[in-house]
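> Predicted coordinates and the sequence they were generated for:
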Amino acid sequence: MSDKPCPACKGQRLKPESLAVTVAAQNIADVCKLSVSAAIDFFDSLELTEREQLIARGVLKEIRERLHVHDRRRPRYLTIRRCG
């Protein structure tokens with residue numbers, strides 16, 4: 001056992017391939033560190049091309065719905081990681 005973060009993921013607990021995927025310069029670990037209200041703002045302010053909107057429509061709808069459920073039920077300062 002070691003208290004040092006993994007050098008590959010820097011303590012984010014995801015494979016480098018997963019961390020390499022970004023949306024608006026944020027990877028999944030970065031987004032999970034956001035508070036629920038900040039995540040709502042992040043997803044609401046995404047600027048996507050028409051093609052990207054078509055591809056992401058269903059996923060973004062689901063993400064936004066789940067964030068709003070958490071926003072109504074839990075303290076706003078919690079991060080997404082702590083809500084799941």
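Yep, it's here. This structure is a prediction, so every number in the text was calculated from the model and none was measured.

> In contact with Phe43: list those residues for me.
Going by C-beta atoms under 8 Å, 6 or more residues apart in numbering, Phe43 touches 60, 63-64, 67. Just so you know, the C-beta spots here come from the backbone N, C-alpha and C atoms, and that holds for glycine as well.

> what is the rounded mean pLDDT of stretch 28-48?
When pLDDT is averaged over stretch 28-48, the result is 92.

> which parts of it are buried?
Of all the residues in stretch 28-48, those buried under the rule 16 or more other C-beta atoms under 10 Å are 29, 31-32, 34-36, 39-40, 42-43.

> Extract the CA atoms of that stretch and return them as PDB.
The C-alpha trace of stretch 28-48 is given here as PDB (Å, rounded to 0.1, in the frame of the first residue of the first chain):
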ATOM      1  CA  ILE A  28     -14.600  12.800 -16.800                       C
ATOM      2  CA  ALA A  29     -12.500  13.200 -13.700                       C
ATOM      3  CA  ASP A  30     -12.500  17.000 -14.000                       C
ATOM      4  CA  VAL A  31     -16.300  17.000 -14.400                       C
ATOM      5  CA  CYS A  32     -16.800  14.700 -11.500                       C
ATOM      6  CA  LYS A  33     -14.900  17.100  -9.200                       C
ATOM      7  CA  LEU A  34     -17.500  19.900 -10.000                       C
ATOM      8  CA  SER A  35     -20.300  20.700  -7.600                       C
ATOM      9  CA  VAL A  36     -23.700  19.700  -8.900                       C
ATOM     10  CA  SER A  37     -24.600  23.300  -9.600                       C
ATOM     11  CA  ALA A  38     -21.300  23.900 -11.400                       C
ATOM     12  CA  ALA A  39     -21.900  20.700 -13.400                       C
ATOM     13  CA  ILE A  40     -25.300  22.000 -14.400                       C
ATOM     14  CA  ASP A  41     -23.700  25.200 -15.600                       C
ATOM     15  CA  PHE A  42     -21.000  23.300 -17.400                       C
ATOM     16  CA  PHE A  43     -23.500  21.100 -19.400                       C
ATOM     17  CA  ASP A  44     -25.900  24.000 -20.000                       C
ATOM     18  CA  SER A  45     -23.100  26.200 -21.400                       C
ATOM     19  CA  LEU A  46     -21.600  23.600 -23.800                       C
ATOM     20  CA  GLU A  47     -21.200  25.000 -27.300                       C
ATOM     21  CA  LEU A  48     -21.600  22.100 -29.700                       C
END
